[in-house]
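Engineer: pasting the sequence and the predicted model now:
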Amino acid sequence: MDLELRHLKTIRAIADAGSLTKAATALGLAQPALSTQLKRIERALGGELFERGRSGVRPTPLGEFVLARARIVLPAVTGLQEEAERFTRGWQDRRGFRLGGTHGPLLGGLVDRLAAAHPDQAVSTYTSWSEREIAAQVADARLDFALVGTCGASMPPENERLVWREVARDPVFVMLTTGHPLAGATEIDLADLAGEAWTDVPGDGCFGDCFTAACARAGFAPSSVYETDTASCVHLVQVGRAVGLCRATFPPTGGIVTRPLAGAPLYWRHLLGWHPETYAHDSAAEVLALARAVHAAAAARSESYSAWLALPGADVG
């Protein structure tokens, strides 16, 4: 048997109590169980640690030697644990907020608000097109929060390991060049875009399948879909090469208008995720509130989204 800290604590408790019966009570053990444990410890150390008598127990020379070392080791270990906890708390405070997100305006807005609310803490970001990659990094404690999205009611990644809360849900809009024949419409039927090429940012969720299904319900199959980065999507729309799919909070951009699809056939849920057993859990309520405020501000800046919200029966999900 290897000697452990709990064995040293047992030896110290017996010496302090002066009897096995009192020590057993203090340790919450039955006296026979403590006697058996003491015999195992004595075998591991090579000799008796206490002399038993009618008046109780007293340490043998070997017992005095072990007790002297235990009275040094046990406080040192306790101090180490307390210092480690203080160090961890201080390091976490200095570390600040590590955010992971897919490309979009909400991540930048959240960084801005966190930096303003906590000017003494660092805010760092990691971006990826893959919601699964970001969620996995949060689950492995390499990131503190994930700000991602899912199509419709689909489950977010790492759902069993992370806590997910909805920031908001948006209808999916279309981006059109200002010269497009439908640019002035209040709403656009998806079927009216049957002859268009499309552009969208990539992802590893089900959005592509949901879009294809929505087109099928509208009576057509999209002729082509360009999956590329946001800047390239905007360019393809600006030059009239394609119409784009975007969240309703997409910020105004020169040469482009965004318009809702009639009946909101597609919608997007913005989600914030964190691990429930890391220190991020303590600040999750604040981060979620800030993310929701960022979304509300983005929605208010979009004239087309504000106009859609004012329509009778406007709703998603």
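Structural biologist: Great, that's in hand.
Engineer: buried ones in stretch 19-35, by neighbour count?
Structural biologist: Counting neighbours by 16 or more other Cβ atoms under 10 Å, one finds that the buried residues in stretch 19-35 are 19-20, 22-24, 27, 29, 34. The C-beta positions use only the backbone N, C-alpha and C, and glycine is treated the same way.
Engineer: cool, and stretch 180-195?
Structural biologist: So for stretch 180-195, counting by 16+ other Cβ under 10 Å, buried means 180, 182, 187-188, 190, 193.
Engineer: how about that stretch as CSV, C-alpha atoms only?
Structural biologist: What follows is the C-alpha trace of stretch 180-195 in CSV, where atoms were taken according to Å, rounded to 0.1, in the frame of the first residue of the first chain:
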residue,chain,number,x,y,z
HIS,A,180,-32.7,44.2,-59.5
PRO,A,181,-36.4,44.2,-60.7
LEU,A,182,-37.6,43.0,-57.2
ALA,A,183,-35.4,45.4,-55.2
GLY,A,184,-38.4,47.6,-54.4
ALA,A,185,-40.7,44.9,-53.2
THR,A,186,-41.9,44.7,-49.6
GLU,A,187,-41.7,40.9,-49.6
ILE,A,188,-40.5,38.5,-52.3
ASP,A,189,-42.0,35.1,-53.1
LEU,A,190,-39.2,32.5,-53.3
ALA,A,191,-40.8,31.2,-56.5
ASP,A,192,-40.1,34.6,-58.1
LEU,A,193,-36.4,34.0,-57.8
ALA,A,194,-36.5,30.6,-59.5
GLY,A,195,-34.2,31.6,-62.4
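Engineer: what lies in contact with it?
Structural biologist: Where contact means Cβ atoms under 8 Å, 6 or more residues apart in numbering, the residues beyond stretch 180-195 that reach it are 174, 176-177, 214-215, 218-220, 223, 240, 243, 257, 259-262, 265, 307-308, 311.
Engineer: just for the stretch 201-317 of the chain, where's the confidence low?
Structural biologist: Per-residue confidence of the stretch 201-317 of the chain (counting by pLDDT under 70) places the weak regions at 313-317.
Engineer: how about the helices in it?
Structural biologist: With helices called from DSSP state H, counting those that start in this stretch, the stretch 201-317 of the chain shows them at 207-217, 230-238, 280-301, 303-309.
Engineer: the closest residue in space to Leu290 that isn't next to it in sequence: neighbour count?
Structural biologist: Here the nearest residue to Leu290 in space, its sequence neighbours aside, is Arg113; by Cβ to Cβ, 6 or more residues apart in numbering that works out to 4.5 Å. Per other Cβ atoms under 10 Å, the neighbour tally for Arg113 reads 19.
Engineer: domain map for the chain?
Structural biologist: With domains defined by automatic domain parsing, the chain comprises 5-93, 97-309.
Engineer: returning to what we had before: closest to Thr10 among the buried residues of stretch 180-195?
Structural biologist: For the buried residues of stretch 180-195, the closest approach to Thr10 (Cβ to Cβ) belongs to Leu190, at 73.8 Å.
Engineer: give me the phi and psi for the closest one.
Structural biologist: phi -60, psi -40 (degrees, to the nearest 10).
Engineer: skipping adjacent residues, who's closest to it in space?
Structural biologist: Distances taken as Cβ to Cβ, 6+ apart place Ala218 nearest to Leu190, at 4.2 Å, with adjacent residues excluded.
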